[in-house]
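Student: Next come a sequence and a model predicted from it.
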Amino acid sequence: MNLDIQYNKNEDAMKMAWSGIKKKLDKIYEGGGKKAAEKQKEKNKLTARQRIALLCDEGEPFIEIGAFAGYEMYEEYGGCAAGGTVSGIGYVNGRQCVILANDQTVKAGAWFPITGKKNLRMQEIAMENHLPVIYIVDSAGVFLPMQDEIFPDKEHFGRIFRNNARMSAMGITQIALVTGACVAGGAYLPIMSDETLMVDGAGSIFLAGPYLVKAAIGEDIDVETLGGAMTHNAISGIADYHFKTEEESIEQVRRIVGKLGKPEHAGFDRVKEVNPSRNIESIYGIMSENNSRPYDMNEIIQCIVDDGSFDEFKKEYGKSIICGYARVDGWAVGIVANQRLIVKNAKKEMQLGGVIYNDSADKSARFIMNCNQKKIPLVFLQDVTGFMVGSRSEHSGITKDGAKMVNAVANSVVPKFTFIVGNSYGAGNYAMCGKAYDPRFIFAWPTAKIAVMGGEQAAKTMLQIQVAAMKAKGQTVSPEEETEILNRITENYTRQTKPEYAAARLWVDAIIDPAETRKLISEGIKAANHNPVIPEFKTGVFQV
(Lines give C-alpha, C1' and ligand atoms only; values in the text may rest on other atoms or scores of the structure.)
Protein backbone atom coordinates (compact mmCIF):
# COMPACT_ATOMS: atom_id res chain seq x y z
CA MET A 1 0.00 0.00 0.00
CA ASN A 2 1.17 3.56 -0.73
CA LEU A 3 2.85 4.95 2.42
CA ASP A 4 0.90 8.23 2.25
CA ILE A 5 -2.41 6.35 2.02
CA GLN A 6 -1.40 4.13 4.96
CA TYR A 7 -0.38 7.17 6.98
CA ASN A 8 -3.74 8.83 6.31
CA LYS A 9 -5.62 5.68 7.33
CA ASN A 10 -3.57 5.46 10.52
CA GLU A 11 -4.17 9.14 11.26
CA ASP A 12 -7.92 8.79 10.78
CA ALA A 13 -8.06 5.75 13.07
CA MET A 14 -6.06 7.45 15.85
CA LYS A 15 -8.07 10.66 15.65
CA MET A 16 -11.30 8.64 15.75
CA ALA A 17 -10.04 6.77 18.81
CA TRP A 18 -9.21 10.05 20.56
CA SER A 19 -12.56 11.54 19.47
CA GLY A 20 -14.34 8.62 21.16
CA ILE A 21 -12.42 9.26 24.39
CA LYS A 22 -13.11 13.01 24.14
CA LYS A 23 -16.87 12.44 23.86
CA LYS A 24 -16.79 10.38 27.04
CA LEU A 25 -14.72 13.07 28.76
CA ASP A 26 -17.21 15.77 27.72
CA LYS A 27 -19.96 13.77 29.44
CA ILE A 28 -17.77 13.27 32.53
CA TYR A 29 -17.10 17.02 32.68
CA GLU A 30 -20.83 17.57 33.23
CA GLY A 31 -20.43 16.01 36.67
CA GLY A 32 -23.84 15.25 38.15
CA GLY A 33 -25.57 16.80 35.14
CA LYS A 34 -26.95 20.16 34.05
CA LYS A 35 -29.81 20.16 36.58
CA ALA A 36 -27.39 19.65 39.46
CA ALA A 37 -25.19 22.46 38.10
CA GLU A 38 -28.23 24.76 37.93
CA LYS A 39 -28.98 24.03 41.58
CA GLN A 40 -25.44 25.13 42.46
CA LYS A 41 -26.04 28.38 40.57
CA GLU A 42 -29.33 28.97 42.41
CA LYS A 43 -27.38 28.77 45.68
CA ASN A 44 -24.81 31.29 44.35
CA LYS A 45 -22.27 28.49 44.27
CA LEU A 46 -19.81 27.65 41.51
CA THR A 47 -19.18 24.16 40.18
CA ALA A 48 -15.88 22.42 40.91
CA ARG A 49 -14.55 23.10 37.41
CA GLN A 50 -15.54 26.78 37.57
CA ARG A 51 -13.69 27.12 40.88
CA ILE A 52 -10.55 25.58 39.44
CA ALA A 53 -10.76 27.79 36.34
CA LEU A 54 -10.87 30.90 38.56
CA LEU A 55 -8.06 29.62 40.77
CA CYS A 56 -5.58 28.74 38.01
CA ASP A 57 -3.50 31.15 35.93
CA GLU A 58 -5.11 31.91 32.59
CA GLY A 59 -3.26 30.43 29.63
CA GLU A 60 -1.25 27.93 31.68
CA PRO A 61 -1.87 24.17 31.40
CA PHE A 62 -4.05 22.30 33.87
CA ILE A 63 -3.13 18.62 33.81
CA GLU A 64 -6.25 16.80 34.98
CA ILE A 65 -5.66 13.53 36.83
CA GLY A 66 -8.32 10.86 37.25
CA ALA A 67 -11.10 12.27 35.07
CA PHE A 68 -12.15 8.70 34.23
CA ALA A 69 -12.09 7.61 37.88
CA GLY A 70 -15.22 5.58 38.61
CA TYR A 71 -16.21 5.36 34.92
CA GLU A 72 -18.98 2.75 34.51
CA MET A 73 -18.57 1.80 38.16
CA TYR A 74 -21.27 2.13 40.88
CA GLU A 75 -24.02 2.04 38.25
CA GLU A 76 -26.43 0.68 40.86
CA TYR A 77 -26.06 4.00 42.69
CA GLY A 78 -26.36 6.15 39.60
CA GLY A 79 -22.64 6.38 38.86
CA CYS A 80 -19.90 8.60 40.21
CA ALA A 81 -18.53 10.95 37.52
CA ALA A 82 -14.78 11.54 37.91
CA GLY A 83 -14.99 9.89 41.32
CA GLY A 84 -16.92 12.88 42.65
CA THR A 85 -13.85 15.14 42.55
CA VAL A 86 -11.97 17.23 40.01
CA SER A 87 -8.22 17.14 40.51
CA GLY A 88 -4.95 17.84 38.78
CA ILE A 89 -1.85 20.01 38.58
CA GLY A 90 -2.27 23.66 37.70
CA TYR A 91 -0.46 26.97 38.01
CA VAL A 92 -1.56 29.37 40.75
CA ASN A 93 0.27 32.70 40.72
CA GLY A 94 3.05 31.07 38.73
CA ARG A 95 3.46 28.06 41.08
CA GLN A 96 2.64 24.48 40.14
CA CYS A 97 0.10 23.20 42.68
CA VAL A 98 -1.88 20.03 43.25
CA ILE A 99 -5.59 20.93 43.31
CA LEU A 100 -8.44 18.76 44.62
CA ALA A 101 -12.03 19.99 44.40
CA ASN A 102 -15.08 18.07 45.58
CA ASP A 103 -17.85 18.03 42.98
CA GLN A 104 -21.03 18.73 44.91
CA THR A 105 -23.15 17.94 41.85
CA VAL A 106 -22.15 14.26 42.15
CA LYS A 107 -24.01 12.72 45.09
CA ALA A 108 -23.45 15.90 47.14
CA GLY A 109 -19.71 15.35 46.88
CA ALA A 110 -19.93 12.09 48.83
CA TRP A 111 -16.87 9.86 49.02
CA PHE A 112 -17.05 6.55 47.15
CA PRO A 113 -14.17 4.04 47.40
CA ILE A 114 -12.67 5.39 44.16
CA THR A 115 -12.91 8.94 45.57
CA GLY A 116 -10.62 7.96 48.41
CA LYS A 117 -8.20 6.26 46.01
CA LYS A 118 -8.15 9.31 43.76
CA ASN A 119 -7.51 11.75 46.60
CA LEU A 120 -4.73 9.54 47.95
CA ARG A 121 -3.16 9.49 44.47
CA MET A 122 -3.19 13.30 44.39
CA GLN A 123 -1.58 13.48 47.82
CA GLU A 124 1.04 10.96 46.64
CA ILE A 125 1.82 13.24 43.69
CA ALA A 126 2.16 16.20 46.04
CA MET A 127 4.52 14.31 48.37
CA GLU A 128 6.67 12.85 45.60
CA ASN A 129 7.09 16.20 43.88
CA HIS A 130 6.92 18.57 46.89
CA LEU A 131 4.06 20.56 45.39
CA PRO A 132 1.71 22.80 47.42
CA VAL A 133 -1.82 21.42 47.78
CA ILE A 134 -5.10 23.31 47.53
CA TYR A 135 -8.25 21.54 48.72
CA ILE A 136 -11.63 22.97 47.68
CA VAL A 137 -14.03 21.30 50.09
CA ASP A 138 -17.74 20.77 49.43
CA SER A 139 -18.67 17.25 50.51
CA ALA A 140 -21.36 15.37 52.37
CA GLY A 141 -18.74 12.90 53.64
CA VAL A 142 -18.50 9.12 53.20
CA PHE A 143 -21.09 7.48 50.93
CA LEU A 144 -22.72 5.43 53.66
CA PRO A 145 -23.99 2.45 51.57
CA MET A 146 -20.31 1.65 50.81
CA GLN A 147 -18.75 2.71 54.11
CA ASP A 148 -17.10 -0.68 54.65
CA GLU A 149 -15.06 -0.18 51.45
CA ILE A 150 -13.75 3.27 52.33
CA PHE A 151 -13.54 3.65 56.09
CA PRO A 152 -11.20 1.38 58.05
CA ASP A 153 -8.34 0.04 55.91
CA LYS A 154 -4.83 1.38 55.35
CA GLU A 155 -5.55 2.89 51.94
CA HIS A 156 -9.01 4.17 52.90
CA PHE A 157 -10.41 7.54 54.02
CA GLY A 158 -8.35 7.92 57.21
CA ARG A 159 -5.09 7.73 55.26
CA ILE A 160 -5.86 11.18 53.88
CA PHE A 161 -5.53 12.79 57.31
CA ARG A 162 -2.39 10.80 58.00
CA ASN A 163 -1.01 12.25 54.76
CA ASN A 164 -2.07 15.75 55.85
CA ALA A 165 0.15 15.34 58.89
CA ARG A 166 3.03 13.80 56.93
CA MET A 167 2.97 16.55 54.30
CA SER A 168 2.99 19.20 57.00
CA ALA A 169 6.09 17.59 58.51
CA MET A 170 7.67 17.58 55.04
CA GLY A 171 7.12 21.33 54.71
CA ILE A 172 4.51 21.00 51.95
CA THR A 173 2.00 23.87 52.08
CA GLN A 174 -1.66 22.84 52.28
CA ILE A 175 -4.53 25.31 51.91
CA ALA A 176 -8.20 24.43 52.40
CA LEU A 177 -11.02 26.49 50.94
CA VAL A 178 -14.37 25.42 52.43
CA THR A 179 -17.14 26.33 49.99
CA GLY A 180 -19.77 23.92 51.31
CA ALA A 181 -20.27 21.13 53.82
CA CYS A 182 -17.28 19.61 55.58
CA VAL A 183 -18.69 16.86 57.75
CA ALA A 184 -17.62 14.22 60.28
CA GLY A 185 -14.14 12.80 59.65
CA GLY A 186 -13.82 15.10 56.66
CA ALA A 187 -13.77 18.05 59.08
CA TYR A 188 -10.18 17.17 59.94
CA LEU A 189 -8.87 17.90 56.44
CA PRO A 190 -9.17 21.73 56.60
CA ILE A 191 -8.06 21.80 60.22
CA MET A 192 -4.92 19.82 59.39
CA SER A 193 -4.13 22.21 56.54
CA ASP A 194 -1.87 25.23 57.08
CA GLU A 195 -4.59 27.77 56.39
CA THR A 196 -8.37 27.50 56.13
CA LEU A 197 -10.74 29.83 54.31
CA MET A 198 -14.55 29.71 54.48
CA VAL A 199 -17.37 31.22 52.44
CA ASP A 200 -20.07 32.98 54.48
CA GLY A 201 -23.45 31.25 54.41
CA ALA A 202 -22.11 28.28 52.46
CA GLY A 203 -19.07 26.76 54.15
CA SER A 204 -19.55 24.71 57.30
CA ILE A 205 -17.31 22.47 59.41
CA PHE A 206 -18.50 20.11 62.13
CA LEU A 207 -18.02 16.57 63.35
CA ALA A 208 -21.79 16.10 63.58
CA GLY A 209 -24.52 18.11 61.85
CA PRO A 210 -27.64 19.56 63.52
CA TYR A 211 -29.71 16.37 63.07
CA LEU A 212 -27.08 14.15 64.65
CA VAL A 213 -26.48 16.64 67.45
CA LYS A 214 -30.20 16.61 68.20
CA ALA A 215 -30.25 12.80 68.19
CA ALA A 216 -27.10 12.48 70.29
CA ILE A 217 -27.49 15.14 72.98
CA GLY A 218 -30.91 16.70 72.36
CA GLU A 219 -29.54 20.13 71.42
CA ASP A 220 -31.42 22.21 68.83
CA ILE A 221 -29.00 24.24 66.71
CA ASP A 222 -28.73 25.52 63.14
CA VAL A 223 -25.88 24.96 60.71
CA GLU A 224 -24.41 28.47 60.86
CA THR A 225 -24.34 28.64 64.66
CA LEU A 226 -22.96 25.13 64.94
CA GLY A 227 -20.17 25.37 62.38
CA GLY A 228 -20.55 28.23 59.93
CA ALA A 229 -17.88 30.63 58.73
CA MET A 230 -18.42 33.28 61.43
CA THR A 231 -18.49 30.64 64.19
CA HIS A 232 -15.15 29.18 63.19
CA ASN A 233 -13.50 32.54 62.50
CA ALA A 234 -14.74 34.43 65.57
CA ILE A 235 -15.41 31.75 68.22
CA SER A 236 -13.56 28.45 67.69
CA GLY A 237 -10.60 29.94 65.82
CA ILE A 238 -10.56 26.92 63.52
CA ALA A 239 -10.67 29.00 60.31
CA ASP A 240 -8.34 31.84 59.32
CA TYR A 241 -10.36 33.85 56.80
CA HIS A 242 -13.97 34.25 55.68
CA PHE A 243 -15.41 35.96 52.63
CA LYS A 244 -18.84 36.80 51.29
CA THR A 245 -18.30 35.16 47.92
CA GLU A 246 -16.40 32.24 46.46
CA GLU A 247 -14.66 34.59 44.03
CA GLU A 248 -13.19 36.63 46.90
CA SER A 249 -12.05 33.52 48.74
CA ILE A 250 -10.41 32.07 45.61
CA GLU A 251 -8.54 35.35 45.07
CA GLN A 252 -7.24 35.10 48.65
CA VAL A 253 -5.94 31.60 47.98
CA ARG A 254 -4.06 33.00 44.99
CA ARG A 255 -2.59 35.75 47.20
CA ILE A 256 -1.40 33.19 49.76
CA VAL A 257 0.26 31.02 47.11
CA GLY A 258 1.86 34.11 45.57
CA LYS A 259 3.78 34.73 48.79
CA LEU A 260 5.24 31.22 49.16
CA GLY A 261 9.03 31.04 49.30
CA LYS A 262 10.82 29.80 46.20
CA PRO A 263 11.42 26.04 46.35
CA GLU A 264 14.75 24.27 46.05
CA HIS A 265 15.18 22.17 42.93
CA ALA A 266 16.51 18.71 42.16
CA GLY A 267 18.66 20.19 39.42
CA PHE A 268 17.50 18.18 36.41
CA ASP A 269 19.27 19.60 33.39
CA ARG A 270 17.43 21.92 31.03
CA VAL A 271 18.52 24.05 28.08
CA LYS A 272 16.56 26.14 25.60
CA GLU A 273 14.00 23.94 23.87
CA VAL A 274 14.09 23.04 20.18
CA ASN A 275 11.04 21.85 18.24
CA PRO A 276 10.98 18.16 17.25
CA SER A 277 12.21 17.19 13.78
CA ARG A 278 8.67 16.03 12.97
CA ASN A 279 5.51 18.01 13.55
CA ILE A 280 3.89 16.74 16.76
CA GLU A 281 0.62 16.26 14.82
CA SER A 282 2.31 13.60 12.66
CA ILE A 283 2.30 11.34 15.74
CA TYR A 284 -1.29 10.38 14.80
CA GLY A 285 -0.31 8.60 11.58
CA ILE A 286 2.39 6.22 12.82
CA MET A 287 0.44 3.45 14.53
CA SER A 288 -2.11 1.47 12.51
CA GLU A 289 -5.72 0.90 13.54
CA ASN A 290 -5.88 -1.70 16.31
CA ASN A 291 -2.07 -1.64 16.33
CA SER A 292 -2.24 -4.41 13.74
CA ARG A 293 0.87 -3.58 11.71
CA PRO A 294 4.54 -3.15 12.66
CA TYR A 295 5.77 0.43 12.93
CA ASP A 296 9.04 2.15 13.83
CA MET A 297 9.02 3.51 17.40
CA ASN A 298 11.81 5.87 16.32
CA GLU A 299 9.17 7.84 14.41
CA ILE A 300 7.17 8.41 17.60
CA ILE A 301 10.34 9.44 19.41
CA GLN A 302 11.11 11.97 16.63
CA CYS A 303 7.71 13.60 17.25
CA ILE A 304 8.46 14.03 20.95
CA VAL A 305 12.15 14.90 21.42
CA ASP A 306 13.98 18.11 20.54
CA ASP A 307 15.47 17.97 17.05
CA GLY A 308 19.00 16.59 16.97
CA SER A 309 19.02 15.64 20.65
CA PHE A 310 18.52 11.85 20.48
CA ASP A 311 21.66 9.77 21.11
CA GLU A 312 20.80 6.07 20.88
CA PHE A 313 22.48 3.75 23.37
CA LYS A 314 23.82 0.38 22.06
CA LYS A 315 21.97 0.89 18.77
CA GLU A 316 23.01 -2.44 17.22
CA TYR A 317 22.37 -4.53 20.36
CA GLY A 318 19.08 -5.64 21.88
CA LYS A 319 16.99 -4.12 19.10
CA SER A 320 13.57 -4.94 20.53
CA ILE A 321 14.00 -2.05 22.97
CA ILE A 322 15.26 1.40 21.97
CA CYS A 323 17.28 3.20 24.65
CA GLY A 324 18.76 6.65 24.31
CA TYR A 325 19.45 10.08 25.80
CA ALA A 326 17.46 13.03 24.47
CA ARG A 327 15.89 16.34 25.38
CA VAL A 328 12.17 17.05 25.62
CA ASP A 329 11.26 20.74 25.72
CA GLY A 330 14.87 21.32 26.76
CA TRP A 331 14.84 18.79 29.63
CA ALA A 332 17.42 15.98 29.56
CA VAL A 333 15.71 12.57 29.55
CA GLY A 334 16.51 8.90 29.09
CA ILE A 335 14.07 7.07 26.81
CA VAL A 336 13.23 3.35 27.04
CA ALA A 337 10.83 2.32 24.27
CA ASN A 338 9.59 -0.98 22.84
CA GLN A 339 10.29 -1.47 19.13
CA ARG A 340 7.60 -2.91 16.85
CA LEU A 341 9.50 -2.84 13.56
CA ILE A 342 10.60 -5.78 11.40
CA VAL A 343 14.42 -5.69 11.57
CA LYS A 344 17.23 -7.63 9.98
CA ASN A 345 20.35 -8.77 11.76
CA ALA A 346 23.24 -10.95 10.67
CA LYS A 347 21.30 -14.17 11.33
CA LYS A 348 17.72 -13.52 10.23
CA GLU A 349 14.82 -11.17 9.69
CA MET A 350 12.43 -10.92 12.61
CA GLN A 351 9.34 -9.00 13.62
CA LEU A 352 10.07 -7.60 17.06
CA GLY A 353 6.39 -7.04 17.90
CA GLY A 354 7.12 -5.45 21.28
CA VAL A 355 8.68 -8.63 22.69
CA ILE A 356 11.54 -8.22 25.19
CA TYR A 357 14.48 -10.52 24.37
CA ASN A 358 17.47 -11.39 26.56
CA ASP A 359 19.79 -8.83 25.01
CA SER A 360 17.14 -6.08 25.15
CA ALA A 361 16.50 -6.66 28.86
CA ASP A 362 20.23 -6.65 29.52
CA LYS A 363 20.73 -3.40 27.57
CA SER A 364 17.78 -1.69 29.25
CA ALA A 365 18.94 -2.56 32.75
CA ARG A 366 22.35 -1.04 32.01
CA PHE A 367 20.84 2.09 30.48
CA ILE A 368 18.44 2.61 33.41
CA MET A 369 21.37 2.35 35.83
CA ASN A 370 23.29 4.89 33.75
CA CYS A 371 20.39 7.38 33.94
CA ASN A 372 20.24 6.98 37.71
CA GLN A 373 23.98 7.51 37.95
CA LYS A 374 23.68 10.71 35.88
CA LYS A 375 20.45 11.95 37.58
CA ILE A 376 18.52 11.92 34.28
CA PRO A 377 14.71 11.35 34.43
CA LEU A 378 13.39 8.31 32.56
CA VAL A 379 10.60 8.16 29.98
CA PHE A 380 9.07 4.76 29.16
CA LEU A 381 7.08 4.32 25.94
CA GLN A 382 5.21 1.03 26.32
CA ASP A 383 4.05 -1.17 23.49
CA VAL A 384 5.04 -4.51 24.93
CA THR A 385 3.63 -8.02 24.62
CA GLY A 386 5.93 -9.50 27.27
CA PHE A 387 9.23 -11.35 27.48
CA MET A 388 10.20 -13.90 24.83
CA VAL A 389 9.12 -17.45 25.71
CA GLY A 390 10.27 -20.88 24.56
CA SER A 391 13.18 -23.24 25.24
CA ARG A 392 15.76 -21.11 23.47
CA SER A 393 14.96 -18.06 25.60
CA GLU A 394 14.67 -20.07 28.81
CA HIS A 395 18.01 -21.79 28.22
CA SER A 396 19.56 -18.37 27.54
CA GLY A 397 18.30 -17.11 30.92
CA ILE A 398 15.41 -14.84 29.91
CA THR A 399 14.04 -14.86 33.46
CA LYS A 400 17.43 -13.83 34.83
CA ASP A 401 17.85 -11.03 32.30
CA GLY A 402 14.26 -9.90 32.85
CA ALA A 403 14.89 -9.83 36.59
CA LYS A 404 17.86 -7.48 36.01
CA MET A 405 15.61 -5.06 34.16
CA VAL A 406 12.83 -5.28 36.75
CA ASN A 407 15.40 -4.76 39.53
CA ALA A 408 16.79 -1.64 37.84
CA VAL A 409 13.30 -0.19 37.30
CA ALA A 410 12.13 -1.00 40.83
CA ASN A 411 15.17 0.59 42.49
CA SER A 412 15.37 3.59 40.17
CA VAL A 413 15.50 6.86 42.14
CA VAL A 414 15.14 9.38 39.31
CA PRO A 415 11.60 10.38 38.28
CA LYS A 416 9.97 7.94 35.84
CA PHE A 417 7.22 8.83 33.39
CA THR A 418 5.30 6.08 31.62
CA PHE A 419 3.20 6.34 28.46
CA ILE A 420 1.26 3.27 27.34
CA VAL A 421 0.94 3.83 23.60
CA GLY A 422 -0.10 0.30 22.63
CA ASN A 423 0.03 -3.08 24.33
CA SER A 424 0.99 -3.44 27.98
CA TYR A 425 0.95 -7.15 28.69
CA GLY A 426 2.17 -9.36 31.51
CA ALA A 427 5.64 -8.93 32.95
CA GLY A 428 6.36 -6.49 30.13
CA ASN A 429 4.10 -4.02 31.96
CA TYR A 430 6.29 -4.39 35.03
CA ALA A 431 9.66 -4.18 33.28
CA MET A 432 8.54 -1.09 31.36
CA CYS A 433 7.51 0.71 34.56
CA GLY A 434 3.81 -0.03 34.95
CA LYS A 435 1.78 1.42 37.83
CA ALA A 436 3.24 -1.03 40.37
CA TYR A 437 6.72 0.44 39.79
CA ASP A 438 5.94 3.98 40.96
CA PRO A 439 6.12 6.16 37.88
CA ARG A 440 5.66 9.80 38.88
CA PHE A 441 2.93 9.92 36.25
CA ILE A 442 1.48 7.22 34.00
CA PHE A 443 -0.65 8.07 30.97
CA ALA A 444 -2.40 5.99 28.31
CA TRP A 445 -3.04 6.73 24.65
CA PRO A 446 -6.53 5.82 23.35
CA THR A 447 -4.83 2.79 21.71
CA ALA A 448 -3.56 1.36 25.02
CA LYS A 449 -4.40 -2.22 26.03
CA ILE A 450 -3.51 -3.37 29.55
CA ALA A 451 -3.80 -7.03 30.50
CA VAL A 452 -1.89 -10.08 31.70
CA MET A 453 -1.71 -11.31 28.09
CA GLY A 454 -3.18 -10.66 24.63
CA GLY A 455 -6.93 -11.08 24.24
CA GLU A 456 -6.87 -13.99 21.80
CA GLN A 457 -4.44 -16.08 23.87
CA ALA A 458 -6.24 -15.26 27.13
CA ALA A 459 -9.69 -16.09 25.73
CA LYS A 460 -8.55 -19.43 24.32
CA THR A 461 -6.82 -20.33 27.60
CA MET A 462 -9.93 -19.49 29.64
CA LEU A 463 -12.09 -21.41 27.15
CA GLN A 464 -9.96 -24.56 27.60
CA ILE A 465 -10.26 -24.28 31.38
CA GLN A 466 -14.01 -23.69 31.30
CA VAL A 467 -14.72 -26.50 28.80
CA ALA A 468 -12.50 -28.93 30.74
CA ALA A 469 -14.42 -28.11 33.93
CA MET A 470 -17.76 -28.73 32.19
CA LYS A 471 -16.59 -32.05 30.74
CA ALA A 472 -15.28 -33.11 34.15
CA LYS A 473 -18.86 -32.73 35.40
CA GLY A 474 -20.09 -35.00 32.61
CA GLN A 475 -21.48 -32.20 30.44
CA THR A 476 -21.10 -32.36 26.67
CA VAL A 477 -20.01 -29.21 24.86
CA SER A 478 -20.84 -28.80 21.16
CA PRO A 479 -18.65 -26.76 18.79
CA GLU A 480 -21.41 -24.14 18.65
CA GLU A 481 -21.47 -23.87 22.44
CA GLU A 482 -17.67 -23.54 22.51
CA THR A 483 -17.89 -20.68 20.00
CA GLU A 484 -20.56 -18.96 22.10
CA ILE A 485 -18.48 -19.33 25.26
CA LEU A 486 -15.37 -18.06 23.46
CA ASN A 487 -17.23 -15.01 22.14
CA ARG A 488 -18.57 -14.20 25.62
CA ILE A 489 -15.12 -14.56 27.22
CA THR A 490 -13.48 -12.49 24.46
CA GLU A 491 -16.02 -9.69 24.78
CA ASN A 492 -15.56 -9.45 28.55
CA TYR A 493 -11.78 -9.71 28.35
CA THR A 494 -11.59 -7.05 25.62
CA ARG A 495 -13.66 -4.67 27.74
CA GLN A 496 -11.22 -5.13 30.62
CA THR A 497 -8.18 -4.33 28.45
CA LYS A 498 -9.48 -0.94 27.26
CA PRO A 499 -7.85 2.25 28.57
CA GLU A 500 -11.19 3.47 29.97
CA TYR A 501 -11.34 0.39 32.22
CA ALA A 502 -7.81 1.07 33.47
CA ALA A 503 -8.39 4.79 33.97
CA ALA A 504 -11.65 4.13 35.87
CA ARG A 505 -9.60 2.21 38.44
CA LEU A 506 -6.69 4.68 38.39
CA TRP A 507 -4.24 2.15 36.93
CA VAL A 508 -3.32 5.13 34.76
CA ASP A 509 -3.61 8.80 35.67
CA ALA A 510 -5.34 9.84 32.46
CA ILE A 511 -6.10 8.90 28.87
CA ILE A 512 -4.41 11.53 26.74
CA ASP A 513 -4.33 12.98 23.25
CA PRO A 514 -1.11 11.49 21.78
CA ALA A 515 -0.11 14.98 20.59
CA GLU A 516 0.05 16.04 24.28
CA THR A 517 2.80 13.51 25.09
CA ARG A 518 5.70 15.96 24.76
CA LYS A 519 3.96 18.62 26.88
CA LEU A 520 3.11 16.13 29.62
CA ILE A 521 6.73 14.91 29.84
CA SER A 522 7.90 18.51 30.24
CA GLU A 523 5.25 19.40 32.82
CA GLY A 524 5.97 16.17 34.71
CA ILE A 525 9.71 16.87 34.98
CA LYS A 526 8.96 20.46 35.98
CA ALA A 527 6.84 19.09 38.85
CA ALA A 528 9.46 16.47 39.82
CA ASN A 529 12.17 19.13 39.86
CA HIS A 530 10.51 20.69 42.94
CA ASN A 531 11.69 17.80 45.13
CA PRO A 532 15.40 18.43 45.82
CA VAL A 533 15.99 15.08 47.51
CA ILE A 534 17.15 12.23 45.26
CA PRO A 535 18.06 9.10 47.27
CA GLU A 536 21.20 7.12 46.63
CA PHE A 537 20.74 4.59 43.83
CA LYS A 538 21.19 0.95 44.91
CA THR A 539 20.08 -2.16 43.07
CA GLY A 540 20.67 -4.93 45.58
CA VAL A 541 21.57 -8.42 44.34
CA PHE A 542 21.70 -9.05 40.57
CA GLN A 543 21.91 -12.51 39.02
CA VAL A 544 24.64 -12.33 36.40
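Tutor: It's in. Numbering: from 1, shown residues only.
Student: can we go C-alpha only for contacts and neighbour counts from here?
Tutor: Will do.
Student: Leu197 belongs to a strand?
Tutor: Yes. The assignment for Leu197 is a strand, going by DSSP: H, G, I helix; E, B strand; the rest coil.
Student: Now for it: which residues touch it?
Tutor: Counting by C-alpha atoms under 8 Å, 6 or more residues apart in numbering, Leu197 makes contact with 176-178, 239-243, 249.
Student: likewise Val183?
Tutor: Counting by C-alpha under 8 Å, 6+ apart, Val183 makes contact with 139-141, 204-209.
Student: Surely Ile21 is in contact with Pro446?
Tutor: Yes. Counting by C-alpha atoms under 8 Å, Ile21 touches Pro446, with 6.9 Å between them.
Student: With neighbour numbers in mind, choose between those two.
Tutor: Neighbour comparison, Ile21 and Pro446: the larger count goes to Pro446, with 25 against 19 (by other C-alpha atoms under 10 Å).
Student: List the residues that contact that one.
Tutor: Contacts here follow C-alpha under 8 Å, 6+ apart; on that basis Pro446 touches 14, 17-18, 21, 421, 499, 511-513.
Student: Can I have the buried ones of those residues as a PyMOL selection?
Tutor: Under the burial definition 16 or more other C-alpha atoms under 10 Å, those of the contacts of Pro446 that qualify are selected in PyMOL by:
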select buried, resi 14+17+18+21+421+499+511+512+513
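Student: from the contacts of Pro446, which single one is nearest Val355?
Tutor: Val355 has its nearest neighbour among the contacts of Pro446 in Val421, at 14.7 Å by C-alpha to C-alpha.
Student: and the helix or strand hosting the closest one, what other elements does it pack with?
Tutor: Element membership for Val421 (DSSP states H and E) is strand 416-425. Secondary-structure packing of strand 416-425 (3 or more C-alpha pairs under 8 Å, 6 or more residues apart in numbering; DSSP states H and E): strand 378-384, strand 441-444, strand 449-451, helix 517-528.
Student: Tell me who's in contact with Phe68.
Tutor: Contacts of Phe68 (C-alpha under 8 Å, 6+ apart): 25, 28, 81-83, 500, 503-504, 506, 510.
Student: now it, what's its secondary structure?
Tutor: Relying on three-state DSSP, one would call Phe68 coil.
Student: In space, what's closest to it - neighbours in sequence excluded?
Tutor: Taking C-alpha to C-alpha, 6 or more residues apart in numbering, and ignoring the residues beside it in sequence, Phe68 has Ala504 as its nearest neighbour in space, at 4.9 Å.
Student: Relative to Met432, which of the helices and strands packed on strand 416-425 is closest?
Tutor: Taking C-alpha to C-alpha, strand 378-384 is the member of the helices and strands packed on strand 416-425 nearest to Met432, at 6.3 Å.
Student: mean confidence for that closest one?
Tutor: The average pLDDT within strand 378-384 is 97.
Student: tell me which residues in it are buried?
Tutor: By neighbour count with 16+ other C-alpha under 10 Å, strand 378-384 contains the buried residues 378-384.
Student: Kindly reformat those residues as JSON lines containing distance to Pro535.
Tutor: Formatted as JSON lines, the buried residues of strand 378-384 follow (distance: C-alpha to C-alpha, whole Å):
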{"residue": "Leu378", "distance to Pro535": "15"}
{"residue": "Val379", "distance to Pro535": "19"}
{"residue": "Phe380", "distance to Pro535": "21"}
{"residue": "Leu381", "distance to Pro535": "24"}
{"residue": "Gln382", "distance to Pro535": "26"}
{"residue": "Asp383", "distance to Pro535": "29"}
{"residue": "Val384", "distance to Pro535": "29"}
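Student: Fine by me, thanks again.
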